[in-house]
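# Sequence and predicted structure below; questions after.
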Amino acid sequence: MQSRFFSVGLSLAIGLTAVAELPKVGLKPVWKGLETTRPLWLETAPDGSGRLFCLEQGGAIIILPSDKSAAQPKREVFFDISERKPWRENEEGLLGMAFHPKFAANGKFYVYYSQQKPKRSVVSEFTVAKAHPNRADMKSERVLLEFPQPYWNHNGGVMVFGPDGKLYVASGDGGKANDPHDNAQNLTNLLGKIFRIDVDARTGKLAYGIPADNPFAGRSDGTRGEIWAYGLRNVWRMSFDRATGDLWAADVGQNKWEEVNLITRGGNYGWNIRESFHKFKEDSPAKGDWIDPVIEYAHHAGIEKECKFPGHGYGVSITGGYVYRGEAIPKLRGAYIYGDFTTGLIFAVRQKDGKATEHGTIHQQTGKVYQIASFGEDAAGELYLLPLVANPATKRDPAGSILQLVVE
């Protein structure tokens, strides 16, 4: 998951500037009292039911109550692989899920989770139980692919279906620090990549199809045809803009910079040659065929002068979100919302042709700072924040741990 789990005081936020056109937002607790265990993702079932599902790192997926203000919300488990112990280390676990676009007809959904001996990531297909629409058939698993993870961190894990009906999966560079095996620039493995597969087809002996229009499909030099984009360190949450089809991804940085990218077919985003807009290795070339981020922000004030977006505000580990397309906050429509896991700041940016046109801090937490594990989007385009606020003893937060973005 995130690569840094330590506290940074909100004193880092001093001097923040915001563009006037971007409104401030508030955070409203919802589903108060619902017990959750490190919630990492929200997903709406594309079947017209309005059901909203919440993925938990420990291995469960729960169905959220339809009434967000229920006094005693019921915890309804839809899926559970906790007995497999996917969460052994901090950034492992059940990390991603996605419903098939034709879920209403075929009942299929997909999960990304960690396993050990050997340490690896698994992408699997499951189906809903025929006799119970609110339960997964745990015996229906079809493993699509597995790939090795050399270390416990930088596992990525987000999965989203695109407007084209293909499944896009983000993987981290394999972990440790500095990408010691140069995985992100290596086209013969799936680490440090976003890859794209067809879950409704088969290529050769594979359990999935490699789309013919993937940028590296059909090569005979060992290049993985699944790859859609590469040169990424650890994408922590990506999403498609439901209005334009643009694919947004937030890439967690190493020592100095956090970045937001628009993902393009075959794009190389530069890691570990560079970190955001800046050289990472001393012997790296000054220029290359890399795609620049939409926006970046610095880890601390000492490097502010090098930042291409002065006044952005600081942070340590980015959490990606969504382009807002809801109705509750009209002035926010069309802006990409993202945050920082450690400082708890929430930002917004607008872009044109891949370049930021305006940006600002739209929420600064006061008092206890919620660590932003993820954002979520419901069927109406409204956004939620999933913070990590669990009781260390139970790993659950009985006070409720999901917040909705609202007009301040």
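That came through fine.

# Only C-alpha atoms from now on, for both contacts and neighbour counts.
Noted.

# can you give me the mean pLDDT across the longest strand seen in the chain?
The longest strand of the chain (DSSP state E) is strand 136-148. Computed over strand 136-148, the mean pLDDT rounds to 98.

# List the strands paired with it, with their directions.
Partner strands and pairing direction for strand 136-148 (DSSP bridges) are strand 120-128 (antiparallel).

# how distant is the strand it pairs with from the center of its chain?
Put simply, strand 120-128 sits 17 Å off its chain's centre (Cα atoms, centre = their mean, to the nearest Å).

# List the buried residues in that strand.
120-128 (16 or more other Cα atoms under 10 Å).

# ok, so of these, who is nearest residue 148?
Residue 148 lies nearest to residue 120 out of the buried residues of strand 120-128, by Cα to Cα, at 4.2 Å.

# Which residues does the closest one form beta bridges with?
Beta bridges link residue 120 to residue 115, residue 148, judged by DSSP bridges.

# quick one: it from residue 60, how far?
Applying Cα to Cα, to the nearest Å, the value for residue 120 to residue 60 is 19 Å.

# Pretty sure residue 342 sits against residue 315.
Yes. With contact defined as Cα atoms under 8 Å, residue 342 and residue 315 form a contacting pair (6.7 Å).

# and for the longest strand of the chain, what are the contacting residues?
Where contact means Cα atoms under 8 Å, 6 or more residues apart in numbering, the residues beyond strand 136-148 that reach it are 78-80, 118-130, 190, 206-208.

# and if you look at stretch 21-33?
By Cα under 8 Å, 6+ apart, stretch 21-33 touches 64-65, 67-73, 331-332, 348, 359-363, 397-408.

# re the thing from before, so what strands line up beside the next helix or strand after the longest strand of the chain?
Counting by DSSP states H and E, the element after strand 136-148 in chain order, helix or strand, is strand 159-161. For strand 159-161, the paired strands and their directions (DSSP bridges) read strand 167-170 (antiparallel).

# Mean confidence (pLDDT) on whichever helix or strand comes after the partner strand, please.
Downstream of strand 167-170, the next assigned helix or strand under DSSP H and E is strand 193-197. Strand 193-197 shows a mean pLDDT of 98.

# just how off-centre is strand 193-197 within its chain?
Centre to centre, stretch against its chain (Cα atoms, centre = their mean), the figure for strand 193-197 is 14 Å.

# So which elements touch that strand?
On a contact count with 3 or more Cα pairs under 8 Å, 6 or more residues apart in numbering; DSSP states H and E, strand 193-197 meets strand 167-170, strand 227-230.

# For the first one, output the C-alpha coordinates as PDB.
By that I understand strand 167-170. Provided in PDB are the C-alpha atoms of strand 167-170 (Å, rounded to 0.1, in the frame of the first residue of the first chain):
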ATOM      1  CA  LEU A 167      -9.500  -4.800 -17.000                       C
ATOM      2  CA  TYR A 168      -6.700  -2.400 -16.000                       C
ATOM      3  CA  VAL A 169      -4.500  -3.500 -13.100                       C
ATOM      4  CA  ALA A 170      -1.800  -1.400 -11.400                       C
END
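
# Now do that strand: distance to the chain's middle.
Relative to the centre of its chain, strand 167-170 is centred 10 Å away, using Cα atoms, centre = their mean.

# which residues sit against it?
By Cα under 8 Å, 6+ apart, the residues outside strand 167-170 that reach it are 156-162, 192-199, 235.

# List the buried residues for stretch 97-105?
Residues of stretch 97-105 classed as buried: 97-101, 103 (neighbour count, 16+ other Cα under 10 Å).

# Just the ones in helices from these, please.
Taking DSSP state H, the ones among those that sit in helices are residue 103.

# Which one of the buried residues of stretch 97-105 is nearest to residue 368?
The closest of those to residue 368 turns out to be residue 97 (Cα to Cα; 29.5 Å).

# how close does the closest residue in space to the closest one that isn't next to it in sequence get to residue 79?
Residue nearest to residue 97 in three dimensions, not counting chain neighbours: residue 111, with 4.3 Å by Cα to Cα, 6 or more residues apart in numbering. Separation of residue 111 from residue 79 (Cα to Cα): 10 Å.

# try residue 259
Counting by Cα to Cα, the gap from residue 259 to residue 79 is 33 Å.

# Any idea what residue 406 is bridged to?
residue 26.

# Could you measure from it over to residue 365?
In terms of Cα to Cα, residue 406 sits 14 Å off from residue 365.

# Just give the number of residues close to residue 131.
Using other Cα atoms under 10 Å, residue 131 has 9 neighbouring residues.

# State the helix or strand in which it lies.
With DSSP H and E as the criterion, residue 131 is inside neither a helix nor a strand.

# what's near enough to touch the residue most central in space within the chain?
In the chain, the residue lying closest to the centroid (Cα atoms, centre = their mean) is residue 237, at 1.2 Å. In this structure, residue 237 makes contact with 156, 158, 249-250, 319-321, 374, judged by Cα under 8 Å, 6+ apart.

# Can you tell me which of these are buried?
Buried members of those, counted by 16+ other Cα under 10 Å: 156, 158, 249-250, 319-321, 374.

# Show me those that map onto strands.
249-250, 319-321, 374.

# Tell me where the stretch 301-408 of the chain has helices.
Read by DSSP state H, counting those that start in this stretch, the stretch 301-408 of the chain holds no helices at all.
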